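Visitor: please work out how this folds:
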Amino acid sequence: VTGRHPVGVPGERVWPVPPLDVPPPELDPAGPDVLAGYPAVALFTARLARVRREPPDPDELPALAALARRLGGLPLAIELMAARGRILDLNELLDRYGDRVLDLATSPAQRPDPGWTPGGGATVTLRDAVAASYRLLAPDERAALRRLSVFRNRWSVELAEEMLADDADPEGTVSIDPVPLLDRFLQLGLLSVRGTGPFRFRLLDAVREFATERKIGAGERHDVRRRHAEVFARLVARTAPDLAGPLLTSAVRRLDEATGDITAALAHAAVDDPTTALRLAVGLARWWRFRGRDVVGRQWLRRLLADPRTAAADPGLRARAVLGAARLAVEHGAAEQELAAARDAWAILHRAGDVAGELEARAVLCALLGATGGHDEARDQAAAVLALATRHGRLRDMAVAQHSLAWHDIRVGDLAGARRRLAAMDRLAAQSGDRRLRLLARADLAEVTRLEGRYADAVEQGRRVAAGLVEVGDPGHRRRALGTIGLALAQDGRPDEAAEVLAGLRTCAAGDAALGTELLGGRPGESRFEDGICALIEANIALHRADRELAAEWFAAAAEGTVAGQDRRDLVEALVGLAASTRDAAVLDRLDAACRRSGISLLPREAEVLAPLRRPGRPEPTGPARRC
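Guide: Presented below is the predicted three-dimensional model:
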C-alpha cells in the first residue's frame with residue numbers, strides 16, 4: 001500500500017520512499033557518466049528520452065544537474081519537467097521553469113486514462129501535490145512549516161528549535177523539542193535529511209516555496225524573517241570566537257554551510273534592525289577575511305556604522321565593527337583610511353578595561369601602521385601586544401605578537417632574530433593548541449630559510465607546510481607557501497619543478513577566487529598577490545635560462561603586481577631583480593625610495609648583486625635602505 005503517511009494500524013511496517021538523490025553543486029561541471037549515477041538524473045534522462053530522440057548534449061549537462069536539484073529529486077516533479085523537453089531544451093527549461101516549479105502541471109500526454117489522477121483526468125500541478133500533504137498537518141504543524149521555510153539551505157535541529165521558539169520568548173530560552181515535528185514532516189515527504197553533520201535538514205524546494213506562499217498569505221513574512229536574522233546573529237556570535245584558535249576549520253565550515261541564510265539574514269536586518277545586522281557583521285569579519293571577501297565585508301561594516309539607527313548601539317560593539325573594517329581594509333590597500341578610526345576604537349576598549357578588545361585593537365593598529373609606513377610605531381604596538389598578552393597569560397595572542405615582530409626583524413634584515421621569534425611562535429601556538437598558527441610559523445620559517453639562500457631546505461620545509469595548510473583549509477597562506485616553494489626552486493636552478501609549482505599556484509588562486517565569489521559575491525578572480533609572486537617565479541626561471549630580457553619583463557610585472565601596503569619584501573625583491581637585469585639607474589632610485597618607504601633593508605646578497613651597478617659618487621642611501 002502506498003500513501004502520503006503511515007496509517008498507524010497494528011503490525012504496520014513502513015518503508016519510507018525519500019526523494020531521489022541529486023548531484024551536489026560541488027560536482028559542477030560533471031560529465032554524463034558521473035551525472036547518470038544519480039537516480040534523479042537517471043529518471044530525468046529516461047523520461048526525456050520519451051519525448052525527444054537526442055540525449056542531453058554537453059552544453060545541457062549543467063542545466064540537467066541544476067534541474068535535478070531544483071526539483072528536489074521528486075519523481076512527480078521530474079516527470080512533469082521532463083515532459084516539456086518535447087518543446088524546450090534543458091537550458092530553456094531551467095530559465096523558464098527553474099523558479100516556477102510549483103506551476104508544473106500534467107499534460108494530456110501524461111493522463112492516458114481518466115483514472116490516472118483524482119478528479120477524472122483533471123490537470124494536476126505540483127502545487128496540488130504539495131497542498132495535499134500540507135492539508136494533512138495540524139494547524140500548529142502548518143505554522144511550524146511556514147516558519148522553517150525561511151531557511152535558504154540546510155539547517156540543524158538547534159536552529160529549528162530557535163526558529164520555533166514561542167513568540168513571547170524571542171531569545172529561544174524556553175526549549176521546544178522539534179524532533180517529533182521534524183519526524184512528522186519526514187513521514188509526509190516534506191523534509192529531506194542528508195549527511196551526518198548538524199546541518200543536514202532541508203525542506204524540499206517545492207515545499208519551501210509552497211510554505212512561503214502560505215506564510216505571505218498569513219501576513220507572517222516580516223516577523224519570521226526578523227526572527228531568522230536574530231537566530232543567525234546568535235549563531236555567528238557563538239561561532240566567531242572559534243575563528244581564532246584550534247577550532248577555526250570547523251568554525252569556518254559551519255559558516256560556509258550557512259552562507260545563504262547568513263546573507264539573507266544580513267540583508268533583511270540591515271533594513272529592518274541595523275543593530276542586529278551590525279552584530280552579525282562584527283562576528284563575520286574574520287570569516288570575510290579568511291574567505292577573501294575583504295571589500296564586501298568592509299562595505300557592510302561601514303554601511304552599518306554610518307546608519308544613524310546604530311549610533312546608540314553598545315560602544316564596544318561599534319568599536320569592534322571599526323576594527324573589523326580596519327583589518328579588512330589592510331587586505332586591499334586601504335589601511336590609511338581606517339587608521340584614525342582604529343585609534344579611537346582602541347581608546348574606547350582601553351577605557352572599558354576590555355583586555356581582549358585592547359589586544360585586538362593593538363594588533364589591528366600594528367597591521368595598519370605597517371601598511372602606511374609607520375614601521376617604528378607598528379613594532380611598538382606589536383611589543384605592547386606581547387607584553388599585555390604575557391601579563392594576562394594569553395598564549396595565542398603572544399604567538400600572534402611574535403609573528404608580527406618576526407616580520408619586523410625580516411624587514412630590517414635580521415633573519416636570525418626572525419628565526420628565534422618564529423620558533424617562539426611555534427612553541428606558543430603548540431601550547432595553545434592552535435595548529436594553524438603553528439603552520440604559519442613554519443611557513444614563515446621556510447621563507448626565512450629561502451631569504452638565507454638555503455633553497456633546497458626551504459623547498460622541503462615549504463612542502464610540508466603547504467600540505468598541512470590544505471588540511472586546515474587556509475587558502476591564502478597555502479598560496480603564500482606555494483610561492484615560497486616556487487621561488488626557492490627557481491632560485492635553486494630547478495626551473496621545471498618551479499614551473500609545476502607555478503601552474504599549481506595559479507590553479508589554486510583561480511579555484512579559491514571562484515569559491516569566494518560563490519560563497520558571498522565580491523571580486524571574482526582577484527589575485528594581486530598571485531600576480532606578483534607568479535611573476536617573480538617566472539623572472540627567476542628566465543634568469544636561470546639566461547634570458548635577461550624576458551627576466552626583466554617579468555621582474556617589472558612583479559613590481560607592478562605586488563599588493564600595495566602589504567608587509568612583505570616582494571616589491572623590493574622584484575626591483576632588485578629588475579635593476580640587475582636592466583642595469584637601469586632609474587630602477588635603483590625607485591628601489592631606494594621603496595626601501596625608505598617600507599622600512600626594508602636589503603639583505604647582504606642583494607646588496608652584493610647591486611654593488612657593481614652603483615655609480616661612483618652616488619650618495620649612499622640613509623635609513624633602512626642604507627645597505628643598498
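
Visitor: residues touching Thr276, list them.
Guide: 229-230, 233, 269 (Cβ atoms under 8 Å, 6 or more residues apart in numbering). Where you see a C-beta, it was placed from the backbone N, CA and C, and this is true even at glycine.

Visitor: nearest spatial neighbour of it, chain-adjacent residues omitted?
Guide: Taking Cβ to Cβ, 6 or more residues apart in numbering, and ignoring the residues beside it in sequence, Thr276 has Ala269 as its nearest neighbour in space, at 4.4 Å.

Visitor: helices of the stretch 501-628 of the chain, residue ranges please.
Guide: 528-544, 548-561, 570-582, 585-598, 604-610 (DSSP state H, counting those that start in this stretch).

Visitor: out of the ones you listed, nearest to Arg391?
Guide: Closest to Arg391 of the helices of the stretch 501-628 of the chain, according to Cβ to Cβ: helix 585-598, at 31.4 Å.

Visitor: off-centre distance for the closest one?
Guide: 36 Å (Cα atoms, centre = their mean, to the nearest Å).

Visitor: one more: stretch 371-380?
Guide: 29 Å.

Visitor: quick one: contacts of that stretch?
Guide: For stretch 371-380, with Cβ under 8 Å, 6+ apart as the criterion, the contacting residues are 330, 333, 335-336, 339, 365-370, 404-405, 408, 411, 565-567, 597-599, 624.

Visitor: now with 7 Å, please.
Guide: 330, 335-336, 339, 366, 369-370, 405, 408, 411, 565-567, 597, 599 (Cβ atoms under 7 Å, 6 or more residues apart in numbering).

Visitor: now for those: which two are most distant?
Guide: Maximum distance among these (Cβ to Cβ): 22.7 Å, for Glu336 and Leu405.

Visitor: looking at these two, which has the bigger crowd around it?
Guide: Neighbours were counted for Glu336 and for Leu405 using other Cβ atoms under 10 Å; Leu405 has more, 24 against 13.

Visitor: didn't that one look like it was pressed against Ala424?
Guide: No: the pair Leu405 / Ala424 is not scored as a contact, 9.2 Å apart, by Cβ atoms under 7 Å.

Visitor: could you turn the buried ones of the contacts of Thr276 into a ChimeraX selection?
Guide: Per 16 or more other Cβ atoms under 10 Å, the buried members of the contacts of Thr276 correspond to this ChimeraX selection:
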select :229,230,233,269
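
Visitor: quick check, nearest of the contacts of Thr276 to Glu460?
Guide: For the contacts of Thr276, the nearest to Glu460 is Ala233 (45.8 Å; Cβ to Cβ).

Visitor: same question for the helix or strand that contains the closest one: list its buried residues.
Guide: With elements taken from DSSP states H and E, the one containing Ala233 is helix 221-239. Residues of helix 221-239 classed as buried: 224-236, 239 (neighbour count, 16+ other Cβ under 10 Å).

Visitor: out of the contacts of Thr276, flag the one nearest to Leu182.
Guide: Distances from Leu182 to those, taken by Cβ to Cβ, are shortest for Glu230, at 21.1 Å.

Visitor: quick one: the closest one from Glu92, how far?
Guide: For Glu230, the distance to Glu92 equals 41 Å [Cβ to Cβ, to the nearest Å].

Visitor: now the strands for this structure?
Guide: With DSSP state E as the criterion, the chain has strands at 191-193, 201-203.

Visitor: in JSON lines, list the ones you listed along with mean neighbour count, mean pLDDT and distance to Arg545.
Guide: What follows is those, written out as JSON lines (neighbours: other Cβ atoms under 10 Å; pLDDT from 0 to 100; distance: least, Cβ to Cβ, whole Å):
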{"stretch": "strand 191-193", "mean neighbour count": "18", "mean pLDDT": "88", "distance to Arg545": "57"}
{"stretch": "strand 201-203", "mean neighbour count": "22", "mean pLDDT": "93", "distance to Arg545": "55"}
